[in-house]
Every structure is written in C-alpha cells, then in structure tokens.
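Participant: need a structure here:
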Amino acid sequence: MGNQEREMRRAPSRGRRFGPVVRLLAPALAAVAAGVVVLLVRPDVHRLLVAVGLVAEGRHATPAPVCDDPPPSPPEPATWTPEAGIDGLTADFAADLLDARDSPVTITILYDLPPAFNHVHDDNGFAALIEGYGAAVMFDAGRRPDILAKNVATLGKSLDDIGVVIVSHTSDDHVRGIHAFKSVAKRPIIYAPSGSDPDQIRALEPYGAEVRLISRPTRLMPGIFTTGPPPAYPELGLVLATAQGAVHFVSCGHASRVTFMRHAARLAGGVLYLDLGGFCALWDAPLSRKRNAWARVKGEDPGFIGYLHCAQPDLRALAANDWPDRCLDIGAGAIIRIPTGPPAPPVVGGEKTDIHWKGEA
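Facilitator: Here you go, the predicted model:
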C-alpha cells in the first residue's frame, strides 16, 4: 500500500475524531468573533486602537448620515467667483455693520442633533431662529413638523412671529418641518436656492406667502445677506451684520465649508467674528481627513466657531481641544447672543438637558 493510499484512509477517521469537538466549539467561536467585530467598529474603540497602533486608521461604523442627499465633490474655491455679485454688496454690508452697532442679535437653535439644551428634543434635522433687525427669521425648518412646533413652544417662541424662512437646501431634514406653518395665519416669505428640484420647490408653496429663488449673493433684508448657491450644489449660506462683526452661518456646507467661509469673509471685508454650521462632506470620513479639514478652517481664522448639525463628535472635539476659548458648545435648544458694545465673545445660554426624541421615526 502506497503512502498516498494510507493517507486517504486516515482522513475519514481524523474527521470523525475531531468533528464532535468542532461542533461543540463552533457556537462559542462564532460569538467571540462577533463580539470582536462589534468592538472594532465602535468609533470610540476604533479610535483607541488607532491611537495605540493596533489597527490602521480608516472608516468605522457611525450613525446614518444626517443629510439626505449625498454630497458632491467639493469644488475648488476658484469655481465660485466674486463676479457672481459678492463684490457689489460689500458697501451695503459695511453700512449694515454700522447700523447694527446698537442692535443685539440672538440665534436660537430650534432643531438639531445632540447635544440638546433647555429641554428641547434633539433629532436628525436642522432649524434656527435669528432675531434682530426688527424681524424674526427662520433658517431651515427641520425634519418633523411636530418636533419643530414642540421645540418652538418649549423655547417660548411662536411660529406666528416668523416673517421669513430661508431654506439653505431642500433635503428633507431641512424642509419637511415647514408643514408646521399650515396652521399659521400669516404665512412667511420663503427664500430657497435656485437650481433646486422643481418638485421640492412646489412642495414649499402651500406654506409660504410666496417662494423666492436666490441665484446670486443677495441682501435679503437689512443685516441679513446670502452668499447665493455655488455652482456645485444648490445651497445658501448666510452672512449676518452684527454689533461684533460678521457672522457666517451655513447648515451643511455641501460645496465645501471653507469655500463658504471665504466668500462670506470677502463679503464682510475680510474678517469673520463667528462661523456657525455643519460639515456634511466629512460624515464618516477618516479622522486624518477631519484633521486636515479642521486645519483648513483654522487657517481662515474666524474669531469664534460653533459646529452644528452634521459636524460629527470627533470633529467637534478637535475644535474644542484646539480652541477651547473660541469654540462654542452648542446644539438643539442653545441660545447664542451677540452682544453690543465693546468687543466681546458670543454668549451661549441654556442648560444642557439632552432629551432624545423617542417618537415615531
């Protein structure tokens, strides 16, 4: 009998010998493997393992992206030029800055992800109330009309007082809350970016006195300007003239947060007092890319910064660690007051309560 034949005869007996042991251990081994996978994809564990050099940096499990539309590739700043109309508004902005010297401005975050303040419910979406200039203006409307209405009431505000709604872009988590205005007697004027889906614009019409499309940098009203939509993505950023200087406000910044900042600074004469908003293009990006993005934001050197909406916790942590005296801790329900008088930081009011929405998704 050859060696090959003897090996073939031994093989079945080996299988019969070890088969029961394998069957006995299989469930336990599968459970251990599943536990290791769960730990590795947790963001906090992943970051710890990266720090000690046990795993390579890369994508890890995160909550579902808050933005309904996938962000396009960020354009180069040069693709969005001053010829679009920014330079023609700088004199108007400078005049409004002078008029705002004795006018306080308050920004209340009506709708956002955690952290949450002042007993409002946090949720996936965004809306903010800008009070000043003799008007109440809402920037975006959140995802759910019931949560928007509840948060507005909890904060002691009223939808009836809002005369203007500015839609940054028409993703559901920024516009579906507009349905809360169906019971308001006097409908607001709604501004939205040109280039948006026509069906989405038509869906806004029943809730506003009229819908006005914005295609270029525009002075919407005294003290409130918009950058207009960049070519790559129909989204509006705001620039507010306040007693302390220019406040730049963008909800997601799909077409590059830094590009929005640069155009806002150009409109404002070169300096941003406060930069507010999200960073949707970096959702679930590797930490190294977020560090690079934060370095670019720091390079623009705004006086203060506040991350909102789709700015992830690790990106917020980078800002807070680098700029502890210049980074605002804000979220749903936070109240940001821009003081009048001599130079001073923004004042953030509100008790952090972190009430998570447990209703229907």
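
Participant: The closest residue to residue 353 other than its chain neighbours: neighbour count?
Facilitator: Closest residue in space to residue 353, ignoring its immediate chain neighbours: residue 119 at 5.0 Å, by CB to CB, 6 or more residues apart in numbering. Every C-beta, even on glycine, is put in place using the N, C-alpha and C of the backbone. Residue 119 has 14 neighbouring residues, counting by other CB atoms under 10 Å.

Participant: cool, the one 4 residues further on as well?
Facilitator: Look at residue 123: counted by other CB under 10 Å, it has 25 neighbours.

Participant: With the one 10 residues further on instead?
Facilitator: The burial count assigned to residue 133 is 19, neighbours taken as other CB under 10 Å.

Participant: Spit out the contact partners of it.
Facilitator: The contact partners of residue 133, taken as CB atoms under 8 Å, 6 or more residues apart in numbering, are 100, 103, 105, 221, 222, 223, 224.

Participant: List just the nearest of those residues to residue 193.
Facilitator: residue 224 (15.3 Å; CB to CB).

Participant: which residues sit in contact with the closest one?
Facilitator: 130, 133, 137, 166, 238, 239, 240, 241.

Participant: where's the nearest residue to residue 101 once chain neighbours are set aside relative to residue 140, distance?
Facilitator: In space, and not counting its chain neighbours, residue 101 is closest to residue 243: 5.2 Å by CB to CB, 6+ apart. According to CB to CB, to the nearest Å, residue 243 and residue 140 sit 24 Å apart.

Participant: do the same with residue 293
Facilitator: 22 Å.

Participant: Quick check: residue 182 touching residue 159?
Facilitator: No - with contact defined as CB atoms under 8 Å, residue 182 does not count as touching residue 159 (10.0 Å).

Participant: and these two? which has more neighbours close in?
Facilitator: residue 159 (22 against 10).

Participant: where's the more buried one relative to residue 146, distance?
Facilitator: With CB to CB as the criterion, residue 159 and residue 146 are 13 Å apart.

Participant: got any ranges where the chain has weak pLDDT?
Facilitator: 1-84, 281, 354-361 (pLDDT under 70).

Participant: Could you rerun that using 50?
Facilitator: Along the chain, the parts satisfying pLDDT under 50 run over 5, 7-8, 11-12, 14-15, 22, 34-66, 68-79, 359-361.

Participant: how about the strands in the stretch 51-200 of the chain?
Facilitator: 105-111, 121-122, 127-132, 135-139, 164-166, 189-193 (DSSP state E, counting those that start in this stretch).

Participant: Which neighbours in the sheet does the second one have, and how are they oriented?
Facilitator: Going back to what we said before, that points to strand 121-122. Strand 121-122 pairs in its sheet with strand 355-356 (parallel), by DSSP bridges.

Participant: cool, and the last one?
Facilitator: Within its sheet, strand 189-193 is paired with strand 164-166 (parallel), strand 210-214 (parallel), according to DSSP bridges.

Participant: Measure how far the longest one is from the centre of its chain, please.
Facilitator: Taking CA atoms, centre = their mean, to the nearest Å, the mean C-alpha location of strand 210-214 is offset from the chain mean by 23 Å.

Participant: buried stuff in it?
Facilitator: Neighbour counts over strand 210-214 (16 or more other CB atoms under 10 Å) mark 211, 214 as buried.

Participant: Just the CA trace of the helix or strand that it is followed by, in PDB.
Facilitator: The helix or strand immediately downstream of strand 210-214 is strand 218-221, counting by DSSP states H and E. The C-alpha trace of strand 218-221 is given here as PDB (Å, rounded to 0.1, in the frame of the first residue of the first chain):
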ATOM      1  CA  THR A 218     -28.200  89.000  -2.200                       C
ATOM      2  CA  ARG A 219     -29.100  91.300   0.600                       C
ATOM      3  CA  LEU A 220     -32.300  89.600   1.800                       C
ATOM      4  CA  MET A 221     -33.100  92.300   4.300                       C
END
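
Participant: mind checking how far residue 334 is from residue 317?
Facilitator: From residue 334 to residue 317 the distance is 17 Å (CB to CB).

Participant: So for those two, which sits in the more crowded spot?
Facilitator: More crowded of residue 334 and residue 317, by other CB under 10 Å: residue 334, with 24 against 15.

Participant: Which residues are in contact with that one?
Facilitator: Per CB under 8 Å, 6+ apart, neighbours of residue 334: 108, 109, 117, 118, 328, 348, 349, 350.

Participant: redo that, cut-off 6 Å
Facilitator: Residue 334 sits next to 109, 117, 348, 350 when contact means CB atoms under 6 Å, 6 or more residues apart in numbering.

Participant: So which bits of stretch 257-269 are buried?
Facilitator: 257, 258, 259, 260, 261, 262, 263, 264, 265, 266, 267, 268.

Participant: beta partners of residue 121?
Facilitator: Counting by DSSP bridges, the residues bridging with residue 121 are residue 355.

Participant: From what I see, it and residue 147 are in contact.
Facilitator: Yes - counting by CB atoms under 6 Å, residue 147 is a contact partner of residue 121 at 5.5 Å.

Participant: For the two, indicate the residue with more neighbours.
Facilitator: Between residue 121 and residue 147, counted using other CB under 10 Å, residue 147 has the larger neighbour count: 24 against 21.

Participant: any idea how far residue 332 is from the more buried one?
Facilitator: From residue 147 to residue 332 the distance is 9 Å (CB to CB).

Participant: By neighbours, which of the contacts of residue 334 wins?
Facilitator: residue 109 leads the contacts of residue 334 on contacts (other CB under 10 Å) with 29 neighbours.
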